[in-house]
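> Model the following, please.
(one chain, ligands or ions: 1)
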Amino acid sequence: MYQHYSHPGSDADGEQAGHAVAILSVQEGSPGVRIVDVNTDYQRLWGGSREAWLGAPPVVVQQEAANRQIFAQLHEALHPLKDSAHGAFEGISGREVSRHHDGKRRHVEWRITAMGTCHNGQFTLVLTQRDVTEQMEKEAQLERLATTDMLTGLVNRSQFDMVLKNEFNRQHRYSRPLSLIMLDLDYFKDINDNYGHDVGDQVLMELADLLKRNLRKADCCARWGGEEFMLLAPETSLEQAVRLADKIRGAIKHTAFPLQSSVTASFGVVEVHSQESVKSVMKRVDNALYLAKNKGRDRVSTGGLLSSAKQA
Ligand SMILES: Nc1nc2c(ncn2[C@@H]2O[C@H](COP(=O)(O)OP(=O)(O)OP(=O)(O)O)[C@@H](O)[C@H]2O)c(=O)[nH]1
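Residues are numbered from 1 along each chain as shown. Prediction:
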């Protein structure tokens, strides 16, 4: 009867899932919602034969509590329309994580709309559902590609910019300590030249793992480019950030990378000043790193000399 609701590409063999559709009947004053008919995609989504579904309560989400909540929401929306021949039910909708009849976790998008108006206290409704799991997985994958550095799995530069802006807004509003650490591997060109690019890549990947292990969940660590990394540490003062940077510096130095000699890194550390711009902080942290390189590498600098020179 309602098979025309099927997605044009779907077929009875279950090759491709389209919109699952169930026609529902709700009698005003009765708590139940009953199925009048279902299409093949509904049977594919939730299992069971058409005959088995007729007269049964529908599955919107395969979780009792969530289903009950949706029905309560539905009754609440329908109740004011019971006396009006022209009352329009605008529909309710949602997206839920649910278990497929095969036990797999799926994302289901659903919508319940009216099929005509209330007749003798009875509403006829259409429930449409779509399995959007693959679409959501693709979206998540695209998002990962757009925000992640492929080699190291760390956040990339553009994503770091976003995080940085958010943290700056928070810092400016609540005046909480916020520090930034920029680190750069020392003589990385020599590693590439002496051991090859693949070994260089391996060092970058191992370094990324080391950084992840040494940071808090609230911190954000990005590959800034090449062999340069940026760490943003909320709720962290300059003094604490220097200690953190020095801990990472020591850990890098004592890590057995796949090389004969040890790897070292230089660090610039700054704490964001009240109302300071992103541009200004970036300049300061870059200068601090430059100073650490200039002073002989394998060290942490807060750019102190530069700040005092500026003040002078
Ligand atoms: N293996 C590998 N090397 C990279 C990657 N990105 C950048 N590099 C290399 O990193 C090296 C950076 O060299 P430099 O900027 O001279 O810096 P450095 O040799 O570390 O010297 P200092 O920073 O002054 O201590 C270059 O040889 C780049 O080719 C990458 O993704 N993989």
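> Name the residues of stretch 279-291 that are buried.
281, 284-291 (16 or more other C-beta atoms under 10 Å). For glycine as for every other residue, the C-beta is placed from the backbone atoms N, C-alpha and C.
> Inside strands: which ones of those?
Among the buried residues of stretch 279-291, no member is found in strands (DSSP state E).
> Can you narrow these down to the ones near the ligand?
Near the ligand, judged by C-beta under 6 Å from any ligand atom, there are no entries from the buried residues of stretch 279-291.
> Serialize these to CSV and add fields for pLDDT.
As requested, these are exported to CSV (pLDDT from 0 to 100):
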residue, pLDDT
Val281, 95
Arg284, 97
Val285, 97
Asp286, 97
Asn287, 96
Ala288, 97
Leu289, 97
Tyr290, 97
Leu291, 96
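> Out of the residues you listed, which is nearest to Asp219?
Val285 (15.0 Å; C-beta to C-beta).
> Tell me how far that closest one lies from the ligand.
15 Å (C-beta to the nearest ligand atom, to the nearest Å).
> Who's the closest spatial neighbour of Thr147, skipping the chain neighbours?
In this structure, Thr147 finds its nearest non-sequential neighbour in Gln159, 3.9 Å apart by C-beta to C-beta, 6 or more residues apart in numbering.
> right, and that neighbour touches Cys221 too?
No: here Gln159 lies out of contact with Cys221, judged by C-beta atoms under 8 Å, at a distance of 11.0 Å.
> what about those two, which has more around it?
Each of Gln159 and Cys221 has its neighbours counted (other C-beta atoms under 10 Å); Cys221 has more, 22 against 17.
> Pull the contacting residues for the more buried one.
154-155, 208, 211-212, 215, 229-232 (C-beta atoms under 8 Å, 6 or more residues apart in numbering).
> one more time with 7 Å, if that's ok
Counting by C-beta atoms under 7 Å, 6 or more residues apart in numbering, Cys221 touches 154-155, 211-212, 215, 229, 231.
> how about the helix or strand where it lies: buried residues?
Taking DSSP states H and E as the criterion, Cys221 maps to strand 220-225. Under the neighbour-count criterion of 16+ other C-beta under 10 Å, strand 220-225 has 220-224 buried.
> Please, which helix or strand holds whichever residue of the chain sits closest to the ligand?
Of all residues in the chain, Gly200 sits closest to the ligand, at 2.5 Å by C-beta to the nearest ligand atom. For Gly200, the host element (DSSP H and E) is helix 197-214.
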